[in-house]
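> Pasting the sequence and the predicted coordinates here, then a few questions.
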Amino acid sequence: MKRYRDKHGKERLWFPDGEIDEIMENELRQAQLFPQIANPVVDLEQFIENHLDVHLDQYAELNDDILGETVFKINASPEILINRILTSQAFEQRTEIPGSLGRWRATLAHEAAHVLLHEPLFKNGTQTPSLFDDLSATPEVQQLTRCSDANIARHTAKTDWKEFQANQGMAALLMPRKLFIQVLSNEVFNIDSFIKELAESPSKLHTFASYIAGRFNVSREAARIRLETLGYALPFGTTFL
């Protein structure tokens, strides 16, 4: 990871290809939560609360369009806030909607990725105000850009470098690269031919993304991010129905 300043003088972080994957897989192994092929679903709550030592509020009072927030505190552990509506949709049967559990898990993993990738900016009291959208916060607490439905597991997140990185981390945390490839290899006889089929058939990409989503208990958008970042699908922006 390297720090640099963009043309406007704002500080940014850059991760070379593969480093975000390595960070997430190493953290899962350190937490002793690296999933197995028989059940490749990561225990996110245990990972966040026990391994990251982060306070997790799953029923936070957030605006309806905000799925999650990560709050960094100077010389203190971060907090992850998840919208109460999203949590209710994922777990309360009377309000459950299709795909809500996958969106909830994607949001937890996205916020955990913010902690793992962006917390170094705030250690030792060296917070960078330009990274925040809430500059009215006290000096002891600064709030990272709020994460909305538009930038969690969406191709539009590419317009914001922090959200783009957090989405990469989310996909790597939910679907570790080596395990993902192992699952894919077990399902596909000829990977090269299969990649070509996905590139030529949006409907096949849609179907396989849905299969991956069910296997790893993630949203279809998260599954597509993983397929795209590992070179198994067309880049974001390609329409598929």
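Structure's in. What do you need?
> which non-adjacent residue is nearest Phe34?
Excluding its sequence neighbours, the residue lying closest to Phe34 (CB to CB, 6 or more residues apart in numbering) is Leu28, at 4.4 Å. For the C-beta atoms, the positions are set from N, CA and C on the backbone; glycine is no exception.
> for Glu197, same thing?
The shortest distance from Glu197 to any non-neighbouring residue, by CB to CB, 6+ apart, is to Lys204 (5.6 Å).
> Same check on Ile80?
Nearest residue to Ile80, sequence neighbours excluded (CB to CB, 6+ apart): Glu111, at 4.5 Å.
> sec struct for that neighbour, please.
Secondary structure assignment for Glu111 (DSSP: H, G, I helix; E, B strand; the rest coil): helix.
> would you say Ala223 is within a helix?
Yes. Under three-state DSSP, Ala223 falls within a helix.
> ok, it to Ala113 distance?
Counting by CB to CB, to the nearest Å, the gap from Ala223 to Ala113 is 16 Å.
> same question, Leu101
Taking CB to CB, one finds Leu101 at 19 Å from Ala113.
> neighbour-wise, which of those two wins?
Taking other CB atoms under 10 Å, Leu101 and Ala113 do not tie; Ala113 has more neighbours (27 against 17).
> okay, that one: pLDDT?
On pLDDT, Ala113 comes in at 95.
> Spatially nearest residue to it (excluding sequence neighbours)?
Excluding its sequence neighbours, the residue lying closest to Ala113 (CB to CB, 6+ apart) is Gly169, at 2.7 Å.
> Need phi/psi at Asp65.
For Asp65, the backbone dihedrals are phi -90, psi 0 (criterion: degrees, to the nearest 10).
> Which pLDDT value goes with it?
pLDDT, read off for Asp65, is 88.
> shouldn't it be in contact with Ser148?
Yes. Assessed by CB atoms under 8 Å, Asp65 is found in contact with Ser148 at 5.2 Å.
> Please point out which parts of the helix or strand where the residue nearest to Ala113 lies sit buried.
Per DSSP states H and E: Gly169 is located in helix 161-174. For helix 161-174, burial by neighbour count (16 or more other CB atoms under 10 Å) applies to Lys162, Glu163, Gln165, Ala166, Asn167, Gln168, Gly169, Met170, Ala171, Ala172, Leu173, Leu174.
> Return the alpha-carbon coordinates of the one helix or strand Leu81 maps to using CSV.
According to DSSP H and E, Leu81 maps onto strand 76-83. Output of strand 76-83 as CSV, limited to C-alpha atoms (Å, rounded to 0.1, in the frame of the first residue of the first chain):
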residue,chain,number,x,y,z
ALA,A,76,-9.8,4.1,19.9
SER,A,77,-11.5,1.2,18.1
PRO,A,78,-13.7,2.0,15.2
GLU,A,79,-17.5,1.5,15.1
ILE,A,80,-19.5,-0.1,12.3
LEU,A,81,-23.1,0.9,12.0
ILE,A,82,-25.7,-1.0,10.0
ASN,A,83,-29.0,0.4,9.0
